[in-house]
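[1] with the input below, show me the fold.
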Amino acid sequence: MTRIGRSDLDILPLSLGGNVFGWTADRDTSFAVLDAFHAGGGDFIDTADAYSAWVPGNSGGESETLIGEWLASRKPQNVVVATKVSQHPEFRGLSAKNIRAAAEASLKRLGVDAIDLYYAHFDDADTPLEETVAGFADLVNDGLVRYVAVSNYTAERIREWISLAEASGADLPVAVQPHYNLVHRTEVESEIVPVAEQYGMSLVPYYALASGFLTGKYRSADATGDSPRAGGAAKLATPAGLALIDALEEVGDAHGASIASTALAWLRAQPTVAAPIASASKVEQVADLLASASLELTSGEIARLSAASEPAQG
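    Numbering: from 1, shown residues only. The predicted structure follows:
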């Protein structure tokens, strides 16, 4: 088990991404994926109130609703649910009033008394950060949120948030959710990780498998397959990118592990990372994700993958 930052949230070091629920995974598939994840020991689910407003016919909140229905149906024990605020069509931005309204809507959809981990999804330049920090603090004080976190914030803005929180006596963020994987590393490692180390925060990276590229599924620049993200993944199939996939395959073979499991295990081994986020739109994908949580790479293997990823970064 892994603890998220300075919280008391202990989790298996893998987070199931809920972005596909209500998008590429319908209700039955979403329930099957969640069942398989939980049956395999998974206990950390990541979503956002905006998932999946981009789908024609959706209005936002579909993922939270499906997760809430699953929670009500299965009544699992000790499951940690993280969600986010600022991007729902009805609750854009991070004003204190909006944060509270969005949190109350998320609580209703999820059917829980408190949100375990509540992220500011994207920074809001139009709202004073003091107001946002105070708004999150009020949610914690009122018992609607257990722990605060930030996503897609720069290191400078995280430091500013922490300074304001310390000055006001508000709870500090316990987690940061950045875009981080073997082909997207530089900014996170040079700027975000040092802040996380300084303040005892954990990283919970998204795009952990680079839109599917780090599964080894895309070995040419032609976007094939049924994934909406196929085009983005295929663009990474450069000679350097494919050399990285080959290295992942060789390291994984030594452990009897898949390319995806190996890529997630490398990420989990990085400083301050608590749990990579990975989603599954098919139940048969869940086993590979779960396998990464117990896959221990040697220091030499980690170094080899790090070296192979340097020329492959986009």
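
[2] after the helix or strand of the chain with the lowest mean pLDDT, heading C-terminal, what element do we hit next?
    When the helices and strands of the chain are compared on mean pLDDT, DSSP states H and E, helix 230-234 comes out lowest with a mean of 69. Under the assignment DSSP states H and E, the closest C-terminal helix or strand after helix 230-234 is helix 239-255.

[3] residues making contact with that following helix?
    Counting contacts by Cβ atoms under 8 Å, 6 or more residues apart in numbering, the residues outside helix 239-255 that touch it are 182-183, 213-214, 216, 219, 258-259, 261-263, 266, 295, 297, 301, 304-305, 308-309, 311-312. Yep, even glycine has a C-beta here, placed from its N, CA and C like the rest.

[4] alpha carbons only: can I get stretch 63-74 in CSV?
    Written as CSV, here are the backbone C-alpha positions of stretch 63-74 (Å, rounded to 0.1, in the frame of the first residue of the first chain):
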residue,chain,number,x,y,z
SER,A,63,-18.6,9.4,-15.0
GLU,A,64,-19.4,10.5,-11.5
THR,A,65,-22.9,9.2,-11.9
LEU,A,66,-21.8,5.8,-13.1
ILE,A,67,-19.2,5.5,-10.3
GLY,A,68,-21.9,6.6,-7.8
GLU,A,69,-24.3,3.9,-9.1
TRP,A,70,-21.5,1.3,-8.8
LEU,A,71,-20.7,2.4,-5.3
ALA,A,72,-24.4,2.2,-4.3
SER,A,73,-24.8,-1.2,-5.9
ARG,A,74,-21.6,-2.9,-4.7
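
[5] how far does it sit from its chain's centre?
    If you compare the mean C-alpha spot of stretch 63-74 with that of the full chain, they lie 18 Å apart, counting by Cα atoms, centre = their mean, to the nearest Å.

[6] same question, stretch 10-17
    With Cα atoms, centre = their mean as the basis, stretch 10-17 stands 9 Å off its chain's centre.

[7] SS state for the residue nearest to residue 233 when sequence neighbours are not counted?
    Once its chain neighbours are removed from consideration, residue 233 has its nearest residue in residue 213; the separation is 4.0 Å (Cβ to Cβ, 6 or more residues apart in numbering). Secondary structure, DSSP: H, G, I helix; E, B strand; the rest coil: residue 213 is helix.

[8] from what I can see residue 302 touches residue 268, true?
    No. With contacts counted by Cβ atoms under 8 Å, residue 302 stays clear of residue 268, the gap being 10.2 Å.

[9] who's more crowded, these two?
    A direct count of neighbours by other Cβ atoms under 10 Å for residue 302 and residue 268 places residue 268 higher, at 21 against 16.
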